[in-house]
Every structure is written in structure tokens, then in C-alpha cells.
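> Any chance you can model this:
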Amino acid sequence: METREPSAAGPLLRDWRRRRKLSQLDLSLLADTSARHLSYMETGRARPSREMLLRLSAALDIPLRERNTLLLAGGYAPAYRESSLDDAYMASVRSVLETVLATHEPYPAVVVDRLWNVVRGNSAMSVLMEGVPAHLSEPRPNVFRLVLHPEGLAARLVNLGEVRELFLDRLLHQVNTTADADLRALYEEVSRYPAPGEPADADTGPADGPNPIRVPLRLRTPLGELALFSTMATFGAPADVTLSELAIELFYPLDRFTADTLRALVPASPKNSAAPENAFP
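Purely as a prediction, here's the structure:
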């Protein structure tokens, strides 16, 4: 009698379900299947179909890269293409990225991959990269190394303690959410960088009172202290692994001094300014 080896997808499904803190009943309801069938799939007593693996992946919000891994473990071909950003196939994406970066000047903006490596940046990023040694900027900067390494921005951050805590919490959350081994290695590396000897400054807001951002980047420069905050943007409904892992980080000034200083350092036409002149009182 012919027998088939149990699907290697079962343990992966179980790990993802537990990572999302779902019971078998919870997941079966989300994926429109039975808890019994799900149990059989997790233990290898039943072999999930390709369609079932895709349905469970969507219910578990598994990243596209890991969905491909799950499909391969189940004996199926990957469902999602992984492209280079330089491929002709990605021309429309490159055009969008270049437009966003250019129109955000005179304020810094970067495009990062899943490991927070900078794959694109605008000219205003020179404000943050000034004085950063080559080993942190080549072949491409990594946001977490750039900010937390003692030879990077850490040496110029007024509120390094706060920023370090926020960045490490954010990265650890991403590690736990994605189960990405490379991200975990990055976390283990940057978490070993020296912590500041003094507690975070008690007074972290601007001189004229509180601000809406809990932990801005407060950066010492020869021109004075710059205060920046950032927002993140991603592509909706990606069907490509590379595209699903790209994010755009846009930095904005938190006060009038920072806005005026950046405009003077990186001139931009009024139509390209990312903040109106009356953004600050």
C-alpha cells in the first residue's frame, strides 16, 4: 500500500496559529473550516490543499515571504513572485517611490526593505547622514544601526535613552510578528550596542510646552537642535514579496526652527514642500 509522508506544513501552521494567539476553533472560524480538520492538518493526519494553505495564511496574516515557505513545505509551488526593485516589472513602483522622495524635500525620506536597509533616499537625508562613518553607510545604511550605533546618530541624539527604548521595542514586536530569523539577528546585534549612561532626559518636549509626539528624534547639529518625527507608508494589496516588504519613512519637522533650518539646507520649490508655511505658529 502506498503511503505519503505527513506534510511539513502542519508544524508551521501550528507555530503561526500560536504566534497569533489563536485557538484551533478561532482559526477554523476565520478560515471557514472545521477545528477537527485543522487539528488533522497540524498533526499531519490530513494534507492541506494549496487553496487551504492560502486561506489559512490570509486568516493568520502571514507575510508573503512566509506564505511561500508554507506552500513549499506543503509540497506546492510559491504563490508570490519575488522581484528586484530594479526589474522592468517594477518600473511603476520605482516611479512612485522617486516621486514621493522628491516631493517630500526639503525633509528627509527613505525607502526601506524588510530588514530596514535603506534602498532609496532623498537628498535631505544628508542632514541625518552627516558624519556617519563608512562602515555604517556602505553598501547601504540600516536604519537601526544608523540610529543606535555609538558611532552613528546615537552620538548626536539628545534623547538617546528614549529613542533606543522605542526602537528596540518596535523591532522586537516586528520579530515576534513575522518570525523572521534575519530580523531577530538584527535585534540581537543592535540591542547589544552600549546603552546611554544616564536616564532619558526628563524634559523631552520643546521649550514652549508639550508636543503630540511622545518620542521625537532630537538631534544635535552645528546649527542647533533639530526635532523630527516620522510616519510610515506601505503599498496596499501587494502581490509581490519585495513590494510587500517595502516601506517609506517620511520625516517631518516638529517645530518652526527645524522646518526653517531644513528649508535653508535643502532648498525646495514651494509646490514640493511637505509642510505649509503656516504649519507652525
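> where does the stretch 51-200 of the chain have low pLDDT?
Segments of the stretch 51-200 of the chain classed as low confidence (criterion: pLDDT under 70) are 197-200.
> For Ser28, the count of nearby residues, please.
Ser28 is flanked by 20 other residues according to other CB atoms under 10 Å. C-beta here means a position set from N, CA and C on the backbone, and glycine is covered the same way.
> ok, which stretches of the stretch 1-150 of the chain are strands?
Using DSSP state E, counting those that start in this stretch, the strands found in the stretch 1-150 of the chain span residues 109-112, 118-121.
> ranges for the helices of the stretch 151-281 of the chain?
160-178, 181-190, 241-244, 256-265 (DSSP state H, counting those that start in this stretch).
> how close does Arg47 sit to Tyr40?
Distance, Arg47 to Tyr40, by CB to CB, to the nearest Å: 9 Å.
> returning to what we had before: so for Leu250, which of the strands of the stretch 1-150 of the chain sits nearest?
Smallest distance to Leu250 across the strands of the stretch 1-150 of the chain (CB to CB): 4.9 Å, for strand 109-112.
> Contacts for the closest one next, please.
For strand 109-112, the external contacting residues (CB atoms under 8 Å, 6 or more residues apart in numbering) are 97, 100-101, 118-122, 124-125, 143, 246-251.
> Now render the helices of the stretch 151-281 of the chain as JSON lines, adding mean neighbour count and distance to Leu70.
Shown next, in JSON lines, are the helices of the stretch 151-281 of the chain (neighbours: other CB atoms under 10 Å; distance: least, CB to CB, whole Å):
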{"stretch": "helix 160-178", "mean neighbour count": "17", "distance to Leu70": "13"}
{"stretch": "helix 181-190", "mean neighbour count": "15", "distance to Leu70": "15"}
{"stretch": "helix 241-244", "mean neighbour count": "20", "distance to Leu70": "13"}
{"stretch": "helix 256-265", "mean neighbour count": "18", "distance to Leu70": "45"}
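> what would those look like in a markdown table with distance to Arg220?
Shown next, in a markdown table, are those (distance: least, CB to CB, whole Å):
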| stretch | distance to Arg220 |
| --- | --- |
| helix 160-178 | 11 |
| helix 181-190 | 21 |
| helix 241-244 | 36 |
| helix 256-265 | 12 |
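> so which of those gets nearest Leu85?
If you check each of the helices of the stretch 151-281 of the chain against Leu85 by CB to CB, helix 241-244 wins as the nearest, at 6.3 Å.
> Any chance you could list what contacts that closest one?
Applying CB under 8 Å, 6+ apart, the external contacts of helix 241-244 come out as 63-65, 68, 80-85, 90, 93, 113, 235, 238.
> Which residue ranges of the stretch 1-150 of the chain form helices?
Counting by DSSP H, counting those that start in this stretch, the helices of the stretch 1-150 of the chain are 9-19, 24-30, 35-43, 50-59, 64-73, 91-104, 126-129, 134-137, 143-148.
> out of the ones you listed, which comes closest to His173?
Nearest of those to His173, taken as CB to CB: helix 9-19 at 12.2 Å.
> can you state the direction angle for the closest one and helix 50-59?
Using axes from the mean of the first three to the mean of the last three CA atoms, to 10 degrees, the inter-axis angle of helix 9-19 relative to helix 50-59 is 20 degrees.
> Does anything pack onto helix 9-19? Which helices or strands?
Packing partners of helix 9-19 (3 or more CB pairs under 8 Å, 6 or more residues apart in numbering; DSSP states H and E): helix 35-43, helix 50-59, helix 64-73.
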